[in-house]
Each structure stands twice: as C-alpha cells, then as structure tokens.
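1. got a structure for you, letters missing:
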C-alpha cells in the first residue's frame, strides 16, 4: 500500500495535476511574493512549503588531452500535497527526483541516468539550512564556500568540486523572477556562475582528472507555467571575460515568445536585469531526434540589448529522456558562445516542450 501511495504521488506529478491531501482538502502551497529578499546562507537550503524546487548544475569539463565534456546534475524536490497529516515515514509528502548526464562528443549522444524516491529512511533527503540534497549515493552539497557533486551510474560517474568566484546573482527583481505577464507566475531564483571545477570523471575508458567551469541554478515556486505555455528555452553562459549571462523565454503553443528575461553579471560590479523587449531568441538550425522525431533548435541567435550572440551545440544529440522520473523528454546540452566569428564563452542550453507540453506546477 505504501508503495502504491508513492506511485500515485509520482503519477500526479508527471500528469501535471495538483494532488490533494489525505483529507481531500486542497493544500496551501507557499506563494512566491515580490519584495521577499533572499537571505544567505539560509536560502541555499530547501524550501519544503513550496510545491517545486530544483538545484541545477551544468558545466564544461576539460580533459588532459584537450577535449571537452559537458555534465549535468539536477535534483528536484516536489511537495505532493499527499499524506501530510500521516505520521508514517512511508507517506509520500515530499519526493526527490534527480537527473545526471555527461555529454561526450566522442560518443555522439548523452550518457544519462535518473532516479526518484520519497524522502525518508536516509535514502533521500534535503537540508533546509544549506545546499545538501541526496538520493541514494547521488549528492549535491555545500562544503565550506564550495559545493561537491557526486554521481555514480552504471555507464558513468563523476566527483566534482565546484568553487564560487563571487556571491549569488539574484535573477529578476532581487530574486523574484517573473515567468509571464501575470506576476503570479514567478519563482524565487538565484544563480552561481563561473564556478571553478576540479575533480574526476569515470567513463568507459577509466577514471580521469578534469577541470572546468560550471553554473548552478537554485529555484523554487508553487505555480510556474500559465496554461497557454508550451515550454521554455534557457541558457546559462560563462563568458571568457569573467562575466556571465542567464536568459530564458517562455513559448506559447505556436512557438511565439510569451515572456523573456535575462540577467547579465559582469566580472565585477552589480548584475543587470534585462526586460522582455531587450531579449530575443531566434532559432537558426534544427536537429531531429532519431528516437522520437522531436525537432530541437540546436543553434540560435540570442539578442541581448544591442549584442547578438550565436549559440552552437557541442554536438546535436544531447536529448535526455526523463519519462521514468519527471515525465519529460527534453534537450539539455553544452553550447559554445560566439560573437561575430570569435568564441567568447561556453555554457548550457535547455529546450523543453518541443514534444509534449512541459508540465510544471
């Protein structure tokens, strides 16, 4: 029966439905409100009163032979609204889901894995006073001023230390990140860009040392997408001059932009928020997945104010099938950043809703 409760909670998440508590009363998820300032270190931890939350780490790794890899570590926390008045440790009131991937151009497609579990019994959990989230032997946790990301899968493994180069960047207005014209669709959202990476990666050829740069996003919300939204496009870019850029657009069912925003963080000084009229995404090349015929735009022209940046995928097939956990098929891949003909940085591009409509909140 307890296993069945977990399956129902996970099915409700994947279907995008708002679950009810055992008493069949709607759950009051904590709202995202403007004017609520983010406070650190407390806001590095989990926010279990909100419905959804994620810690998202992506980055480029440089190998001893000069070639590059991409990597992704993502933990999702979900308050299901089920079993909250049930004292049993089996009650699936909080779920954790996780994705991990390595993008290896020599292989030509992602190595990836996924997990899901109810919180409890030491198998899966989170801390509320710092970043510490785990699912089995997969972990993302703060260690001093930095972070440690550890993943062990049948096809790959990595153990990476991530060192921040500055304070968190608050996206939107002091961390209140609006996702649509109606500000009810918003999240609390900050980024840690230009993370210096050092550690090890295990692939089929054995363990090797790597260095690189990474990006961490931490975001939590109770209502995210309006009904007319199909999906989103997002980038986190570490630029070679020490600056960083986060940008996203929310797309409608016809592909039109419903909302967009960006945060430009200089190497020194205050971050600058760009409003929708200063941000533009234009797809310039598409790739079709041979597994499901979904078409993804893998090259873009990104307009940021008066600048135009080109995004080019490290390789095309960086599709991640997460239907066994979050229920989505999406593209999450390493990209190079060019301005004119010169490469000026590297980062990650996320594309959702190009198959079925993405369901969050």
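-> Yep, that arrived. Being a predicted model, the structure only gives us computed values, none of them experimental.

2. from here on, just use CA atoms for contacts and neighbour counts.
-> Fine.

3. number of nearby residues for residue 272?
-> Other residues lying near residue 272 total 17 when counted by other C-alpha atoms under 10 Å.

4. quick check, it in contact with residue 278.
-> No: Residue 272 is beyond contact range of residue 278, at 11.8 Å (criterion: C-alpha atoms under 8 Å).

5. tell me the bridge partners for the most centrally placed residue in the chain.
-> With distances taken as C-alpha atoms, centre = their mean, the residue of the chain nearest its centroid is residue 56 (3.8 Å). Beta-bridge pairing for residue 56 (DSSP bridges): residue 74, residue 217.

6. what do you get for residue 190?
-> residue 170, residue 218.

7. tell me how far it lies from residue 84.
-> Distance of residue 190 to residue 84, computed by C-alpha to C-alpha, to the nearest Å: 28 Å.

8. give me the more crowded residue out of those two.
-> For the pair residue 190 and residue 84, the greater number of neighbours falls to residue 190 (23 against 18), based on other C-alpha under 10 Å.

9. list the contacts for the more buried one?
-> 168, 169, 170, 171, 175, 217, 218, 219 (C-alpha atoms under 8 Å, 6 or more residues apart in numbering).

10. show me the contacts for the fifth one.
-> Shown in contact with residue 175 (C-alpha under 8 Å, 6+ apart): 37, 38, 187, 188, 189, 190.

11. I'd say the residue nearest to the centre of the chain and residue 71 touch.
-> No: judged on C-alpha under 8 Å, residue 56 makes no contact with residue 71 at a distance of 10.8 Å.

12. that older thread, most neighbours, which of the contacts of residue 190?
-> Result: residue 171 is most packed of the contacts of residue 190 (other C-alpha under 10 Å), 28 neighbours.

13. for residue 220, which non-adjacent residue is spatially closest?
-> residue 53 (4.1 Å; C-alpha to C-alpha, 6 or more residues apart in numbering).

14. so how far is residue 231 from that neighbour?
-> 17 Å.

15. now stretch 270-290: average pLDDT?
-> Mean pLDDT, stretch 270-290: 96.

16. any chance you could list what contacts it?
-> Taking C-alpha under 8 Å, 6+ apart as the rule, stretch 270-290 contacts 169, 171-173, 247, 249, 259-265, 294-305, 316-317, 319.

17. now do residue 173: how many residues are near it, please.
-> 16.

18. residue contacts, it?
-> 34, 273.

19. picking that back up, nearest to residue 336 among the contacts of residue 190?
-> residue 217 (19.1 Å; C-alpha to C-alpha).

20. was I right to think the closest one contacts residue 57?
-> Yes: counting by C-alpha under 8 Å, residue 217 touches residue 57, with 6.5 Å between them.
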